[in-house]
Each structure stands twice: as C-alpha cells, then as structure tokens.
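can't give you the sequence, but here's the structure:
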C-alpha cells in the first residue's frame with residue numbers, strides 16, 4: 001500500500017536535509033524505534049515496537065540507503081523487518097524529499113509498504129492513520145532536535161530515545177479518524 005505524509009520544520013532546508021541523513025540523530029526521533037547497529041554509511045540495523053490495542057508488534061530488521069540525490073534533497077530507503085515474536089514481516093520503500101517552505105522546510109514522505117502477520121489485519125485507513133500519527137510525532141521530535149538551544153545559536157542536543165507511542169492512545173485516535181472518515185462518506189452520499 002502507498003502512504004503519503006508531509007510535515008514542515010522551522011529550519012532551513014539544507015539543515016533539515018543534513019539532519020535526515022544523520023541516522024544516529026534521526027532514529028531517536030521515531031516513536032518506538034532503536035538503532036542497534038551501524039553497518040556502514042548506507043546500511044543499518046534496528047528495531048521498532050508499538051502496541052495497537054491488544055496487539056503488541058516488535059520488528060527487527062535492516063535499512064539500506066538505496067538512492068541519495070543531494071542536489072534534489074531526495075533519498076530512498078529500503079527497509080525490511082521480521083516480527084520478533086511472530087511470523088509477520090514488513091518491508092517498505094521510503095522516498096523522502098526536503099523542499100523550501102516559507103522560513104523553513106517541508107519534508108514529503110512517500111512509503112510503499114507491504115505487511116503480513118497480525119499488522120495486516122488492520123485496514124488501509126487505520127494503517128494510514130497510524131502512519132500519520134507516527135509522522136506527526138517524528139516531526140515534533142525532529143523540530144525539537146533542530147530548535148536552537150535557549151540563548152544559543154546551536155541545535156538542541158539529542159534527547160535520548162523517543163518514547164514508544166501509546167497503544168491505547170494510538171488505537172483511540174485511529175478509531176476516531178475512522179469514524180470521521182465514515183461520517184464524511186455518509187455526508188457525501190446524502191448530498
């Protein structure tokens with residue numbers, strides 16, 4: 001399935017681009033993610049975990065930088081992972097671009113996602129909602145990392161690991177979004 005997300009960051013595009021290429025700084029911004037090994041400058045290993053209601057998902061896998069275009073500020077990552085306590089798997093091709101936007105930068109992310117196992121039981125709408133929620137939390141964490149420290153002109157220091165996203169909060173939020181989508185469809189058919 002194809003997922004499209006975007007967010008804006010109050011920092012110059014070149015600075016945002018350099019940040020996105022620094023995997024050791026980016027990984028802590030991702031909810032529930034942990035960088036476990038730097039293989040080389042284009043390959044990494046890591047884990048990501050989340051809870052969706054009663055289902056707890058934990059994946060371990062690899063990420064490869066398949067393409068990098070500094071002039072266009074575009075990068076393509078290929079990720080694949082296996083569920084640590086099940087038979088599920090996930091793979092994704094993630095294309096990110098950094099564009100100028102007002103006084104800051106806009107990051108556009110297109111993900112071609114394939115999943116199997118327990119996570120596949122959730123519909124496309126819920127997965128898109130979860131993806132947007134992860135993107136929003138990532139963007140907030142990234143903006144905090146890029147914000148100048150109080151009274152200084154330098155970015156704030158890395159703040160440790162990102163806290164895992166709450167399963168109950170995420171499930172309720174996704175349910176609310178699904179209900180709103182359903183109501184919009186009904187309203188559209190009635191008019």
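That came through fine. Every value quoted in this text rests on a predicted model; they were computed, and no experiment measured them. Numbers count the residues shown, from 1 in each chain.

chain center to stretch 74-89, what's the gap?
Relative to its chain's centre, stretch 74-89 lies at 13 Å (C-alpha atoms, centre = their mean, to the nearest Å).

That stretch - what's its average pLDDT?
Averaged across stretch 74-89, pLDDT comes to 90.

how about that stretch: buried residues?
Neighbour counts over stretch 74-89 (16 or more other C-beta atoms under 10 Å) mark 74, 75, 77, 79, 81, 83, 86, 88, 89 as buried. All C-beta spots, glycine's among them, are computed from the backbone N, C-alpha and C.

quick one: contacts of that stretch?
By C-beta atoms under 8 Å, 6 or more residues apart in numbering, the residues outside stretch 74-89 that reach it are 20-21, 47-48, 57-69, 90-98, 115-120.

circling back to that earlier point, now for the buried residues of stretch 74-89: which two are most distant?
By the measure C-beta to C-beta, 74 and 86 form the most distant pair in the buried residues of stretch 74-89, at 34.0 Å.

Hmm, residue 56 is touching residue 32, no?
No: here residue 56 does not reach residue 32: they are 10.7 Å apart, not a contact under C-beta atoms under 8 Å.

quick one: which of these two has more around it?
Higher neighbour count among residue 56 and residue 32: residue 32, with 19 against 14, using other C-beta atoms under 10 Å.

my guess is the more buried one meets residue 49, correct?
Yes: in this structure residue 32 lies within contact range of residue 49 using C-beta under 8 Å: 4.8 Å.

Name all residues that make contact with residue 45.
Residue 45 sits in contact with 35, 36, 37, 39, 60, 61, 62, 63, where contact means C-beta under 8 Å, 6+ apart.

Are any of the residues you listed buried, and if so which?
Counted by 16+ other C-beta under 10 Å, the contacts of residue 45 give 35, 61, 63 as buried.
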